[in-house]
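Engineer: here is the input, now give the coordinates:
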Amino acid sequence: QVQLQESGPGLVKPSQTLSLTCTVSGGSITTNYYYWSWIRQPPGKGLEWIGYIAYSGSTYDSPSLKSRTSIYRDTSKTQSTLQLTSVTPEDTSVYYCARNPYGLGPRYDYWGQGTQVTVSS
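Structural biologist: Reported below is the predicted structural model:
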């Protein structure tokens, strides 16, 4: 059984860099053909896809975040890390990691429980 667990700071100050980690258990993040996505949900709004790191190590992130994101991995720890720079209160959200088989559209078979991040001074 694959499990995903997000971790990171619950509170970040404006202009700082947010760093979140997704730890995967019960599976490998290098297994063909899975894409490990980051998704967030601001309060009162819908889900917003942030980006992914693929089984191959390639990454892609949403243009809406204007190149503020970096996603990388530590294969020895089966972890994916999301960094979001220059955060503002608009980045306050519940952040999720999720697994997307084959990278075909927003279809996820496993999700983490999510972690609340608040951006505030």
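
Engineer: how about the spatially most central residue of the chain, what does it touch?
Structural biologist: Nearest to the geometric centre of the chain sits W38, at 2.5 Å (C-alpha atoms, centre = their mean). Listed by C-beta atoms under 8 Å, 6 or more residues apart in numbering, the contact set of W38 reads 20, 22, 49-52, 69, 71, 80, 82, 95-97. (C-beta placed from N, C-alpha, C; glycine too.)

Engineer: in CSV: those, plus neighbour count and distance to W111.
Structural biologist: Formatted as CSV, the contacts of W38 follow (neighbours: other C-beta atoms under 10 Å; distance: C-beta to C-beta, whole Å):
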residue, neighbour count, distance to W111
L20, 22, 14
C22, 28, 10
W49, 17, 13
I50, 23, 14
G51, 20, 16
Y52, 23, 14
T69, 18, 19
I71, 23, 17
S80, 25, 13
L82, 25, 15
Y95, 22, 11
Y96, 22, 6
C97, 31, 8
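
Engineer: just the helices in this structure please.
Structural biologist: Using DSSP state H, no helices are found in the chain.

Engineer: how close does E6 get to P63?
Structural biologist: In this view, E6 and P63 are 23 Å apart by C-beta to C-beta, to the nearest Å.
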